[in-house]
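Colleague: Here is my input; please provide its structure:
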Amino acid sequence: MKLRVESIAFAYSKKKIIEELSFQVDKGEFVTILGPSGCGKSTILKLLTGLTEKQNGRILVDGKVVEGLSLKFSYMPQEDLLLEWETVLQNVCLYQRIHKEKYNQEEVMQQLEAFGLKGYENAYPSELSGGMRQRVAFLRTVRCDADILLLDEPFGALDVITRGEMQAWLRTLRQTVNKTVLLVTHDIDEALYLSDRILIVGGSPSKIRKEFNIEASTDTHEEGTENLALRAEIYHNLKRR
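Modeller: Alright, predicted model coming up:
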């Protein structure tokens, strides 16, 4: 599905946080919103989902206006929010259980294997590492009946090694998931590694400052010389006030 955002705005206690924010994400594209802490990145995702009410503008999915809470989006917040009293299998099938939908057990088991969770279907969240918990949360997000994934710094709480492993895993998994993805992060390297495009957000109130198209790079985190100049330019744009 194609997402288009037109001139949305949001204010808190009469202070403008976001103003005239416009962008689009094409079907199957992976786009990252990159910006410093406190610039309203997470608020943008909440405006899209309807968890926070926008004060102006339009949100369109495949050309149709979306208002309020919408099942067009599947949202993964910063915290994994797993149900501690339920197993991995129960957590990843939460959407289907809430909506009383039948699900194919064999298909779920195949997904668990693809997400590196084979053998953990009967484990509880307290028995999992941070990286494993994030995999469960991400699979739960993917299994929601939505073609647009909204990811709010999903690996931000992980240590640097685990975060790198999760980024590599997500990059590989993109081909399997086949979803439109909008990621929020403040990590330049994460954005470069995962994205088709990067949107720099900043200012007060926040707007889209710059857009970068990212060419396909290597399948490792090692920095190539071709990315050094681009990284420097992105960093320069992030520093602007």
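Colleague: CA atoms for contacts and neighbours, from now on please.
Modeller: Noted.
Colleague: Just give the number of residues close to I214.
Modeller: Per other Cα atoms under 10 Å, the neighbour tally for I214 reads 17.
Colleague: what does E127 give?
Modeller: Neighbour count for E127, taken as other Cα under 10 Å: 12.
Colleague: where's the residue most central in space within the chain relative to D62, distance?
Modeller: Taking Cα atoms, centre = their mean, the centroid of the chain lies closest to L151, which sits 1.7 Å from it. In this view, L151 and D62 are 20 Å apart by Cα to Cα, to the nearest Å.
Colleague: again, but for E153
Modeller: E153 is 25 Å from D62, where distance means Cα to Cα.
Colleague: Neighbour count: the two, which is higher?
Modeller: Shown here are E153 and D62; by other Cα under 10 Å, E153 has more neighbours (19 against 12).
Colleague: Isn't that one up against E190?
Modeller: No: E153 is beyond contact range of E190, at 9.9 Å (criterion: Cα atoms under 8 Å).
Colleague: elements contacting the helix or strand of the chain with the lowest mean pLDDT?
Modeller: Sorting the helices and strands of the chain by mean pLDDT, DSSP states H and E puts helix 160-177 at the bottom, at a mean of 80. When contacts are defined as 3 or more Cα pairs under 8 Å, 6 or more residues apart in numbering; DSSP states H and E, helix 160-177 packs onto helix 130-142, helix 188-194.
Colleague: May I see those helices organised as a markdown table, with mean neighbour count and distance to E19 added?
Modeller: Shown next, in a markdown table, are the helices and strands packed on helix 160-177 (neighbours: other Cα atoms under 10 Å; distance: least, Cα to Cα, whole Å):
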| stretch | mean neighbour count | distance to E19 |
| --- | --- | --- |
| helix 130-142 | 21 | 29 |
| helix 188-194 | 20 | 23 |
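Colleague: mind checking which of the ones you listed is nearest D26?
Modeller: With Cα to Cα as the criterion, D26 lies closest to helix 188-194 of the helices and strands packed on helix 160-177, at 15.6 Å.
Colleague: Where do the domain boundaries of the protein fall?
Modeller: Using automatic domain parsing, the domains assigned to the chain come out as 3-72+148-239, 81-145.
Colleague: and these, which one's lowest on average pLDDT?
Modeller: Here the lowest mean pLDDT among these goes to domain 3-72+148-239, at a mean of 86.
Colleague: All the strands of the chain, residue numbers only.
Modeller: 3-12, 15-25, 30-34, 56-61, 64-65, 73-76, 148-152, 180-185, 197-202, 207-213 (DSSP state E).
Colleague: ok so, going back, L117 is nearest to which of the helices and strands packed on helix 160-177?
Modeller: Closest of the helices and strands packed on helix 160-177 to L117 is helix 130-142, at 7.4 Å (criterion: Cα to Cα).
Colleague: Identify all contacting residues around that closest one.
Modeller: Residues outside helix 130-142 that contact it (Cα atoms under 8 Å, 6 or more residues apart in numbering): 74-76, 80-82, 88, 91-95, 111-112, 115-117, 125, 149, 154-155, 158, 162-163, 166, 177.
Colleague: For it, C-alpha coordinates in CSV please.
Modeller: Only the C-alpha atoms of helix 130-142 are listed here, as CSV (Å, rounded to 0.1, in the frame of the first residue of the first chain):
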residue,chain,number,x,y,z
GLY,A,130,16.3,-8.6,24.6
GLY,A,131,16.9,-9.5,21.0
MET,A,132,14.5,-12.5,21.1
ARG,A,133,11.8,-10.4,22.7
GLN,A,134,12.1,-7.8,19.8
ARG,A,135,11.8,-10.6,17.3
VAL,A,136,8.6,-11.8,18.9
ALA,A,137,7.2,-8.2,19.0
PHE,A,138,8.1,-7.7,15.3
LEU,A,139,6.5,-11.0,14.3
ARG,A,140,3.4,-10.0,16.2
THR,A,141,3.4,-6.6,14.3
VAL,A,142,3.9,-8.4,10.9
